[in-house]
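Enquirer: Need coordinates for the below:
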Amino acid sequence: MSEQKNFSENVEVAGNQLVERFKEIVQEGNVRRLIIKDAEGKSRVEIPLTAGVAIGGAVAIFSPWLAMLGALGGLVAKLTIEIVREEPDATIQDAKETIDDISDKLSS
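Expert: Okay, here's the model as predicted:
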């Protein structure tokens, strides 16, 4: 497996925009983890993501998370989403390795 090169960015959102922004971020594809923080910077929710889910854009898998984020967003006026991303080269390498693994399993 390739060495992971991660970087993070912070995005401030209004509480009522949390679910919609979450969906957009997941669909971008190179996201490894999302950390939702309140206005004081305290971590409220940490959501690990895998390359397969992100690449597939399978937001439906996150229905329980979406319900919880909707409730959290309704209670808090301002939130920060810390987005931990993986460098594109590492993401492509992971995708290739995942495809190779699946191919090997199917051919066995």
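
Enquirer: send the alpha carbons of the host helix or strand of Arg32 over as CSV?
Expert: Using DSSP states H and E, Arg32 maps to strand 31-37. Extracted C-alpha coordinates of strand 31-37, given in CSV (Å, rounded to 0.1, in the frame of the first residue of the first chain):
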residue,chain,number,x,y,z
VAL,A,31,-11.9,12.6,1.7
ARG,A,32,-10.6,10.2,4.4
ARG,A,33,-12.2,11.7,7.5
LEU,A,34,-14.6,14.4,8.5
ILE,A,35,-14.5,16.0,12.0
ILE,A,36,-17.5,18.2,13.0
LYS,A,37,-16.6,20.9,15.6
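
Enquirer: Following element in sequence after that strand, please.
Expert: Downstream of strand 31-37, the next assigned helix or strand under DSSP H and E is strand 43-48.

Enquirer: in that following strand, what counts as buried?
Expert: 45, 47 (16 or more other Cβ atoms under 10 Å). Using the backbone N, CA and C atoms, a C-beta is placed for each residue, glycine as well.
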